[in-house]
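J.: Provided below are the primary sequence and the corresponding predicted coordinates.
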Amino acid sequence: MFNFAVSLLKALVSVTFKKRKEYFFILLLLKKENEILKRHLNLHGRRITSNNTDRFCLSLIAAISKRAVSHLSIVKPETLLEWQRRLIKKQGPFKHKKRGRKPVNAELKKLILEMKTDNPSWGCRRISDELKKLDIEIHHTTVNKIIQKFRKLGMIQATGSWKKFLKSHWDSLYSMDFMTVDTLFSKRFYLLIILE
């Protein structure tokens, strides 16, 4: 909007005041400055403040006429440039998107809860993969967070202790270790030990 206002004002002034356009902007700038100073007559040495309208008008004039800026006395040119940047940033054409993933709806959370309660041995990756078969894209870490929330609420019971896990897998558990043995006559044996 700021850029549009600058272009429009430039076009209007160039058509109306071809020869005296610089004087026109200097006059506008001084008039606005005078208005700000009159408003702050009763400040008694305190700092002069400006509102958004003042900033917009002064920034607009400064963007159109570089010569008019040299007549400004209550604000530094750097401050005007900063105001212009802020105005352009505020009303720029770029809208910032919200970062992060979309929130998971209640139906999908309910489906994840059903899948976990019906299949307690399934992990987060398995549930995520099963959902992909239904064309539902959800990352396994998101599934994990949802399951952890359900666990805290007591809706999913713990699958069992470590002792219970070991008992159920006892027939297929093996322990392995690799080691070396040096003999008295500087021979080295390599041992791979497997314990059932």
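T.: Yes, it's here.

J.: ok, how many other residues are close to Val143?
T.: Per other CB atoms under 10 Å, the neighbour tally for Val143 reads 26. All C-beta atoms are positioned from the backbone trio N, CA, C, and that covers glycine.

J.: no no, Cys124
T.: Neighbouring residues of Cys124 were enumerated by other CB under 10 Å; the total is 20.

J.: please apply the same query to Val75.
T.: By the criterion of other CB under 10 Å, Val75 has 20 neighbours.

J.: for it, which non-adjacent residue is closest in space?
T.: Counting by CB to CB, 6 or more residues apart in numbering, the nearest residue to Val75 once its immediate chain neighbours are dropped is Leu58, at 6.6 Å.

J.: swap in Tyr190?
T.: For Tyr190, the closest residue by CB to CB, 6+ apart turns out to be Thr180, at 5.7 Å.

J.: now for the helix or strand where the one you found lies, which elements pack on it?
T.: Using DSSP states H and E, Thr180 sits within strand 175-182. Judged by 3 or more CB pairs under 8 Å, 6 or more residues apart in numbering; DSSP states H and E, strand 175-182 is in contact with strand 188-195.

J.: on contacts alone, who are the packing partners of the strand it packs on?
T.: strand 175-182.

J.: what's next to the strand it packs on, contact-wise?
T.: Residues external to strand 175-182 that are found in contact with it (CB atoms under 8 Å, 6 or more residues apart in numbering): Arg188, Phe189, Tyr190, Leu191, Leu192, Ile193, Ile194, Leu195.

J.: return the distance of that strand from the chain's centre.
T.: How far strand 175-182 lies from its chain's middle: 52 Å, per CA atoms, centre = their mean, to the nearest Å.

J.: now for the longest helix along the chain, which elements pack on it?
T.: Residue-count comparison of every helix in the chain, with assignments taken from DSSP state H, identifies helix 21-39 as the longest. Contacts defined by 3+ CB pairs under 8 Å, 6+ apart place helix 21-39 against helix 2-16, helix 52-64, helix 66-69.

J.: CA atoms only: put it into CSV for me.
T.: Output in CSV follows, covering the C-alpha atoms of helix 21-39 (Å, rounded to 0.1, in the frame of the first residue of the first chain):
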residue,chain,number,x,y,z
LYS,A,21,7.0,19.8,-7.6
GLU,A,22,10.0,20.0,-5.3
TYR,A,23,8.7,23.1,-3.7
PHE,A,24,5.3,21.5,-3.3
PHE,A,25,6.8,18.6,-1.3
ILE,A,26,9.0,20.9,0.8
LEU,A,27,5.9,22.9,1.7
LEU,A,28,4.0,19.7,2.6
LEU,A,29,6.8,18.5,4.7
LEU,A,30,7.2,21.8,6.6
LYS,A,31,3.4,22.0,7.1
LYS,A,32,3.4,18.5,8.6
GLU,A,33,6.4,19.3,10.8
ASN,A,34,4.7,22.5,12.0
GLU,A,35,1.5,20.5,12.8
ILE,A,36,3.6,18.1,15.0
LEU,A,37,5.4,20.9,16.8
LYS,A,38,2.1,22.8,17.5
ARG,A,39,0.6,19.6,19.0
